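**Q** Model the structure of this input:
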Amino acid sequence: MAGLRRFRAPLSTATRFVLFLGVAALLASPAIAQRVRQITRFDVTHLGNHAVDDLGSVAFFTSDIDPYGTNPQGLIQVFKKTLPGGSLVQVTALEDDAYDISVSDDGGTIAFVSAADPLGANPDGSAEVFLADGDGGSMVQLTNHPAGGNAGNAVLAGGAGKVLFSSTGDLTGSNPSGHLQLFVIGTDGTGLLQLTSATGASVFDEIAINDLGIGVAFTDSGDLTGGNPDGSTELYRMMADGTGLTQVTSTTDDDVRSMSYAGKGTMLAYATNGGELYSVPWGSTTATVRDDLAAYPSLNDNATAIYYVCGGHQPGDPRRRQQHRVRGVR
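**A** Sure, this is the predicted structure:
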C-alpha cells in the first residue's frame, strides 16, 4: 500500500497497550469478514505509530517497553512482531527516541526518524531520517542537517525506492528561511529534492507517496497554490519530481481531517472534520461522496475498497456507535 504518515500525538500516560491486527487482511478482501487478532499486551507510557507489510505477515511499532532488558532507559525504540503469534524483536537500540516508522510492502525495509547518532554521522543531534532492514541491520542515515533544522514526519514508498519527509532544513539551498517543506530522497541516498516552497506556517499533517515513488499527496493549511487564502486544511497532490502541485479540495468551512492514497497511485480518499467521506481519482479535483460521519480512510492498493471508521449506524439499528466499515469504490 502507499506509504502514509499521520502526524498524531502519541499516548503519553501510563496505559495498557494492546496492538491488534485485522486491517491488512480486511483491505485485501473487503467482502469477507475478518477476525481481529491481539498480538501484544504491555504496560507502557508511550505508544507511537505502527506499520504492517502488505501481506500482514509482520508488524512494526514504536514503544518504550523493555521486554528483554535491552532498553533500560525506557527510550522509544522500534519493535517487530512476526504474525501471527511470532516472536517479538527489538529492532533498534538507539540513544534517543525513534518515531514515524514506516515499512515497505514486503516488510524488508523500514524508515524512521530519530535524533540519535547510531552511525557517528549525527553529532549535533538533529532529527534525521534513517533506513534499516526489517531486522535492524544495514542502517543508513539518509538525511543530514548540519546547518540547523530537523526532519519531521517521514514515509517510505511501498516499493522501497524513495522516502518522502518534511523538514525545516535548508537541504538543497532552496529553503534559507527554514520553513517546513516537503522533500523526497532515494533510499540509496541520491536524488534529494525539495518539493514545496511554503512561505507560511505549513504543518503537512499527513503525507503519502505511492508504491513506485512517483506521486505524492498531503494535507496542509498553507496557501501553496493561491487557492487557500482562508488557511483551511486542504488536500494537495503533486508528482515526486516537484511538478504538478494541485490543490484538490477547497473547503471553506470544513477542514480535511484525514486522507489516504492508493498504493498504485490511481485514487485519493479523504474525510472532513464534518465527517463526510470522499474519493477522487488521481488527476481530478471532482470528488464523490461515499459516506458521512466517517474518519481515517484507508484505500487498498487497487483503489477498489476504502476501509474507514464511521460514527453512524447501520440501517435498522437506531444506536449511534463507532464502527469500522469497508465500502467498494466504482
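
**Q** which residues touch the residue nearest to residue 162 when sequence neighbours are not counted?
**A** Spatially, and ignoring its direct neighbours in sequence, residue 162 is nearest to residue 213 (3.4 Å; C-beta to C-beta, 6 or more residues apart in numbering). All C-beta spots, glycine's among them, are computed from the backbone N, C-alpha and C. Contact partners of residue 213, counting by C-beta atoms under 8 Å, 6 or more residues apart in numbering, are 157, 159, 161-162, 184, 240.

**Q** Buried among those? Make that a ChimeraX selection.
**A** Only the buried entries of those go into this ChimeraX selection, using 16 or more other C-beta atoms under 10 Å:
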select :157,159,161,162,184,240
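
**Q** could you pull out the helices for this protein?
**A** 23-28 (DSSP state H).

**Q** got any ranges where it has weak pLDDT?
**A** Counting by pLDDT under 70, the chain has low-confidence residues at 1-46, 312-324, 330.

**Q** How about the contacts made by residue 281?
**A** 266-268.

**Q** Quick one: mark the members of those that sit in strands.
**A** 267-268 (DSSP state E).

**Q** most surrounded residue in the contacts of residue 281?
**A** residue 268 (28 neighbours; other C-beta atoms under 10 Å).

**Q** was I right about that one contacting residue 279?
**A** Yes. Contact criterion C-beta atoms under 8 Å: residue 268 and residue 279 qualify, at 7.0 Å.

**Q** so what sits against both of those two?
**A** With C-beta under 8 Å, 6+ apart as the test, residue 268 and residue 279 both reach residue 299.

**Q** ok, back up a step: from the contacts of residue 213, which is closest to residue 85?
**A** Nearest to residue 85 among the contacts of residue 213 is residue 159, at 28.4 Å by C-beta to C-beta.

**Q** Excluding residues flanking it in the chain, which one is nearest that closest one?
**A** Nearest one to residue 159, counting by C-beta to C-beta, 6+ apart, is residue 211 at 4.8 Å.

**Q** I am finished for the moment; much appreciated.
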